[in-house]
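Engineer: below are the sequence and a predicted model; questions follow.
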Amino acid sequence: MSQTRRQSLYMTEHGAAHERAGWRVWLRKLTPYFYLAPALIVIVVFVYLPLIRTVEISLHQGNLLNPTRTYVGLDNYIELITGKLFGEILLQSALYLLFAVIGSVIVPISLAMLTLQLTDREVDFYQSALFLPTVIAFNVVVLIWAFFFLPTTGGLFNQILAAFGQPPSDWLKDPLLALPSIALIANWKIMGFHFLLAIAGLKAIPKEYLEAAYVDGASGWQLMRRIILPLFAPTGLFILIITLIGAMDAVFTPIRIMTEGGPNNATNNLMYAIFSEGFRFFRVGQASALSIILIVLFGGLIYWQYRLFDRNVSYDR
Amino acid sequence: MRKSLVGLVLLALAVMGFGAVQAQDTITIEYWNINNEGFGGPTVDLLVEQFAAETGVVVEPRVQESYPALVQNLETQLAGGNIPDVVQIGWPYVDYVYNNLPFIPVSELVASWGSDEYLAQFPENVLNLTNVGGTNVGMAYSLSNPIMYYNADMFVAAGLDPDTPPTTWEGWLEIAPALSEANGGIPVFNFGYGADNWIVQAFIESNGGNILVCENGEYQTGVGSAEAAAGLQAWADVVLSGQSLNAGYADATPAFIAGETVTYTYTIAGRGAIQSQVAYDLRATTFPQFGENPIRIPGGGNLLVVFATDPARQEAAWNFVQFLTSVEGLSEWTRGLGYVPLYDAVLEEEAYAEFIADNPIQQVGNSQLPNMVRWTSFPGPNGLAAGEALFRATQAALGGELPAVEALAAAAEEINGLIAGQACEG
């Protein structure tokens, strides 16, 4: 075999080997993406594409059925933001979030803290009792509460008022009472689940820390402030975040069935306003614009909240 | 043995084939309506059975929560390519359907499947109810009006004659304190309402106001007028003084049935359901007159609209509409629920004539036919949002947030902005 022929053969074999190695490198680099592909495809198809479509629709005017929509630029956004109802809806959304934080974060965590004094058997009882509403279908919950809120003397709350010599109240038609009443229903439904999360968070705190501090002479308040609260903070943050994300979703069913956003907008919020614009008034452009505003506002709120707590919450145990 | 086996298999296949051919031949159509078990459901089932027995067409009723919910679901189903065949559309949505949904006009149905004679039996004003821009969107079916049901036993308890209830608003206000006092202090009035403007239109128009007016070739709302404010304020006054329950239908109806209010102003279409549930002497009278103004009450109910596009289903759907609006169909319908008859031939039908003679409450509903006006819907793509603006003003006045005059002035401004540019004739 001539030198030239040998060199050529070497080059060919080497080239092929090099090429094979190149493919292997590429394959190695691509492998994680293959694993990620199913999840990515699902997210792109069901989250990002609809999001892009929502942005597109928010720049048009039309309804669900008419294929020809008119491009209106930012008019839908401007009309919403400058409209007199937008401020009211924002304020009510904020008020509702406040009620949600009280009823679905502070109350269940406080109740869970109180159970620290109880035996395991007693904790189990409270856990079951408070968790029960969570497993009842929301429309059934609403029917139960509709009876409580009946505006006549037959309603449960009005019977309680009557027992104290007070006249009956229009719980869901009174503009001052309607929002707290609706918030109460949603909180009652969610509270048990959050109570369960809080109990789990408290149970995860190592007893040795508490015992050591107790032996060192720490008072009850010091135990709470220096040991329990810092170690419970990640669970508390989690409960707060899921409350803020899900609060308006949770109150949607009671609003839809009981008040339709009334009286005079008193129980309306951003989530229900999107539904109203899209499916009651059939103005999908405005509904989409409101959806984008909701995403931006909540995205900002969650980011701010996460940054704020991230500095103060320790995830080490 | 083998021959018998082959024979059996062939027989089985033949039976299956025959069954399949039969199944293919049976036409099934969907009928969307709002008639739940407590509001005409059994009558719908009866009519569907009768139609199936006559024609062999299977009708599947699909019950929706309310007219607004029906239109919401209809729009989403149509957007998804699922077309119901016959749909009850509430009167305030006629314009919306005309402008936005792919309905089959009556003229097209008649051209395809005939029945000019059928149309001839309807009076022109009834046919006009479904006419938008010269097109009949569907066939008028259910026509109702608000009447005042009252508990005669409570009149007797107050020492009043239940045979001569007041006919004017002033008359009712005069006896209200005595009625309440004699019956444990309960509210006398109860004007049930849904998330719409049906009852408030009755108050506004019976006080001389108008929901919609035509000025300089464009639609404007008339709710900013003094007459309209007087109408709403009359309602708000009795609510705020505790003389009236302020409740939606879901609470208002059971409250009256349970004897927690003396009267209940509600649709005549609810007559059957209320009559079957009360345990006291139930009577009814007309919607009250305000001063010297004529009573003007909006017609409630629905029209039947065909959406079916498949020729066989469309023909079956049109036949079903004709069956429902035939003399026998309407007689069954009005006796079962309480809607007022659409044409004279129904009044003369034997079963209906017997029924009406024994049912003075139905006579009240029928007697209000001359007082009925069209249930106004606001025009244009923002029409439904404009309707919501009026509803919010009503709630603001009833809740005591604003006097009616201020609430309606703000609503008028908002509504006129939403319906700006909608042309009218007159």
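Structural biologist: That came through fine.

Engineer: residues contacting the residue nearest to B:Ala386 when sequence neighbours are not counted?
Structural biologist: Excluding the flanking residues, the one nearest B:Ala386 by Cβ to Cβ, 6 or more residues apart in numbering or on different chains is B:Phe378, at 3.8 Å. Every residue, glycine included, has its C-beta placed from N, CA and C. By Cβ atoms under 8 Å, 6 or more residues apart in numbering or on different chains, the contact set of B:Phe378 is B:212, B:219, B:221, B:384, B:386-387, B:415, B:418-419.

Engineer: repeat the analysis, applying 6 Å as the threshold.
Structural biologist: B:386-387, B:419 (Cβ atoms under 6 Å, 6 or more residues apart in numbering or on different chains).

Engineer: and what of B:Val373?
Structural biologist: B:296, B:298.

Engineer: name the residues linked to it by a beta bridge.
Structural biologist: B:Pro298 (DSSP bridges).

Engineer: what's the spacing between it and B:Ser225?
Structural biologist: 16 Å (Cβ to Cβ, to the nearest Å).

Engineer: just how off-centre is stretch A:202-218 within its chain?
Structural biologist: Distance of stretch A:202-218 from its chain centroid, counting by Cα atoms, centre = their mean, to the nearest Å, is 33 Å.

Engineer: just the buried positions in it, please.
Structural biologist: Neighbour-count burial for stretch A:202-218 flags A:202, A:205, A:210, A:213, A:218 (criterion: 16 or more other Cβ atoms under 10 Å in any protein chain shown).

Engineer: span of that stretch from start to end?
Structural biologist: In stretch A:202-218, first residue to last residue: 18 Å (Cα to Cα, to the nearest Å).

Engineer: so which residues on chain A come close to chain B?
Structural biologist: A:63-65, A:151-152, A:170, A:173, A:175, A:260, A:262-265, A:279, A:281 (Cβ under 6 Å from any Cβ of the partner chain).

Engineer: swap in 7 Å and give it another go.
Structural biologist: Applying Cβ under 7 Å from any Cβ of the partner chain, one finds that chain A approaches chain B through A:63-66, A:150-154, A:170, A:173-175, A:260, A:262-265, A:279-283.

Engineer: now A:Ser169, what are its backbone angles?
Structural biologist: Main-chain torsions, A:Ser169, degrees, to the nearest 10: phi -120, psi 150.

Engineer: how about A:Leu111, nearest residue that isn't a chain neighbour?
Structural biologist: A:Phe195 is the one closest to A:Leu111 (Cβ to Cβ, 6+ apart), at 5.7 Å.

Engineer: what helices and strands are in contact with the helix or strand hosting that neighbour?
Structural biologist: Using DSSP states H and E, A:Phe195 falls within helix A:178-203. Under the contact definition 3 or more Cβ pairs under 7 Å, 6 or more residues apart in numbering or on different chains; DSSP states H and E, helix A:178-203 sits against helix A:84-101, helix A:107-114, helix A:120-135, helix A:138-148, helix A:229-250, helix A:252-254.

Engineer: quick one: buried residues of the fifth one?
Structural biologist: Going back to what we said before, that points to helix A:229-250. Across helix A:229-250, burial judged by 16+ other Cβ under 10 Å covers A:231-237, A:239-244, A:247-248, A:250.

Engineer: so which residues make contact with it?
Structural biologist: Residues from elsewhere that reach helix A:229-250 (Cβ atoms under 7 Å, 6 or more residues apart in numbering or on different chains): A:93, A:96-97, A:100-101, A:104-105, A:109, A:186, A:189-190, A:194, A:197-198, A:201-202, A:205, A:269-271, A:301-302, A:305, A:309, A:313-315, A:317.

Engineer: among these, the buried ones, what's the PyMOL command?
Structural biologist: PyMOL command restricting these to the buried ones, with burial defined by 16+ other Cβ under 10 Å:
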select buried, chain A and resi 93+96+97+100+101+104+105+109+186+189+190+194+197+198+201+202+205+269+270+271+313
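
Engineer: kindly reformat the helices and strands packed on helix A:178-203 as a markdown table containing mean pLDDT.
Structural biologist: A markdown table is the format used below for those (pLDDT from 0 to 100):
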| stretch | mean pLDDT |
| --- | --- |
| helix A:84-101 | 92 |
| helix A:107-114 | 93 |
| helix A:120-135 | 88 |
| helix A:138-148 | 90 |
| helix A:229-250 | 89 |
| helix A:252-254 | 93 |
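
Engineer: format those helices as JSON lines; extra columns: distance to B:Asp161.
Structural biologist: Below are the helices and strands packed on helix A:178-203 laid out as JSON lines (distance: least, Cβ to Cβ, whole Å):
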{"stretch": "helix A:84-101", "distance to B:Asp161": "49"}
{"stretch": "helix A:107-114", "distance to B:Asp161": "56"}
{"stretch": "helix A:120-135", "distance to B:Asp161": "51"}
{"stretch": "helix A:138-148", "distance to B:Asp161": "36"}
{"stretch": "helix A:229-250", "distance to B:Asp161": "53"}
{"stretch": "helix A:252-254", "distance to B:Asp161": "44"}
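
Engineer: check the buried residues of helix A:229-250 and tell me the two furthest apart.
Structural biologist: Within the buried residues of helix A:229-250, two members stand farthest from each other by Cβ to Cβ: A:Leu231 and A:Met248, at 30.6 Å.

Engineer: looking at the helices and strands packed on helix A:178-203, which is closest to B:Ala269?
Structural biologist: helix A:138-148 (23.0 Å).

Engineer: so the closest one versus helix A:178-203, what angle?
Structural biologist: Taking axes from the mean of the first three to the mean of the last three Cα atoms, to 10 degrees, helix A:138-148 and helix A:178-203 form an angle of 120 degrees between their directions.

Engineer: any idea which helix or strand carries the residue nearest to A:Lys84 when sequence neighbours are not counted?
Structural biologist: Closest residue in space to A:Lys84, ignoring its immediate chain neighbours: B:Glu414 at 8.0 Å, by Cβ to Cβ, 6+ apart. Applying DSSP H and E as the criterion places B:Glu414 in helix B:404-418.

Engineer: contacts for that helix next, please.
Structural biologist: Residues contacting helix B:404-418 (Cβ under 7 Å, 6+ apart): B:220-221, B:223-224, B:228-229, B:232-233, B:236, B:378, B:382, B:385-386, B:389-390, B:392-393, B:396-397.

Engineer: let's see which of these end up in helices.
Structural biologist: Among those, the ones falling in helices (DSSP state H) are B:228-229, B:232-233, B:236, B:385-386, B:389-390, B:392-393, B:396-397.

Engineer: among those, which two are most distant?
Structural biologist: Most distant of the ones in helices among the contacts of helix B:404-418, by Cβ to Cβ, are B:Gln233 and B:Ala385, 24.6 Å apart.
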